[in-house]
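Peer 1: Next comes the sequence, and after it the predicted model I'd like to discuss.
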Amino acid sequence: MYTTIQFIHSYWAYLVVLIIVLATINALMGNFSKREYGPKDFRISLFGLIVTHIQLLIGLVLFFVSPLGLQSITNNGMGVVMKDSVLRLNAVEHPFVMILVVVFITMGYSKHKSKLVSATKFKTLAIFYTVALVLLLSRIPWNQWF
């Protein structure tokens, strides 16, 4: 079960990064070009929200079944985990920061819906999705990805 969930989580992550990069670029381009917000923009930001929430659910399951997640903290203790950079990344930093990524994307998506003007919709999406993208890229375990 662990290897299957890890496989799904790893390959779904490629889709998440691709969609969040696309949604961030779309929001930034819309903000700087002053174009009208349309259904395509809504769908792109919504798809970013959906794929990140699915990844969060997969990641939470993985956290509880993985030997690098909660089991690592339980078996080694938090002091040992925090002193080991690999264990800390997998058990603490990656899960925490990825939850923050989902929070920023959710906040940006929710706030942009209440805006009435295209410029403020794009600006809201651009700010929140850019912060989320930077956080996302900062805590990907790159050595395990390639």
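Peer 2: Looks like it came in fine.
Peer 1: Heading C-terminal from the helix ranked longest in the chain, find the next helix or strand.
Peer 2: Longest helix of the chain, by residue count under DSSP state H: helix 2-33. Sequence-wise, the next helix or strand downstream of helix 2-33 (DSSP states H and E) is helix 39-65.
Peer 1: Name the residues of the longest helix of the chain that are buried.
Peer 2: Neighbour-count burial for helix 2-33 flags 5-6, 9, 12-13, 16-17, 19-20, 23-24, 26-28, 30-31 (criterion: 16 or more other Cβ atoms under 10 Å). C-beta coordinates here come from the backbone N, C-alpha and C atoms, glycine included.
Peer 1: wait, which of these is closest to G38?
Peer 2: Comparing the buried residues of helix 2-33 against G38 with Cβ to Cβ places G30 closest, at 9.1 Å.
Peer 1: And the closest one, how far from V17?
Peer 2: 20 Å (Cβ to Cβ, to the nearest Å).
Peer 1: Measure how the longest helix of the chain sits relative to helix 39-65, angle-wise.
Peer 2: 150 degrees (axes from the mean of the first three to the mean of the last three Cα atoms, to 10 degrees).
Peer 1: Could you name the helices and strands sitting against helix 2-33?
Peer 2: helix 39-65, helix 118-138, helix 142-145 (3 or more Cβ pairs under 8 Å, 6 or more residues apart in numbering; DSSP states H and E).
Peer 1: C-alpha coordinates for whichever helix or strand comes after the first one, PDB please?
Peer 2: Scanning forward in sequence from helix 39-65 by DSSP H and E, the next helix or strand is helix 70-76. Included here for helix 70-76 are C-alpha records, laid out as PDB according to Å, rounded to 0.1, in the frame of the first residue of the first chain:
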ATOM      1  CA  LEU A  70       4.700  10.000  11.400                       C
ATOM      2  CA  GLN A  71       6.400   6.600  12.000                       C
ATOM      3  CA  SER A  72       9.800   8.400  11.900                       C
ATOM      4  CA  ILE A  73       8.700  10.900  14.600                       C
ATOM      5  CA  THR A  74       7.200   8.100  16.700                       C
ATOM      6  CA  ASN A  75      10.100   5.700  16.400                       C
ATOM      7  CA  ASN A  76      13.000   8.300  16.700                       C
END
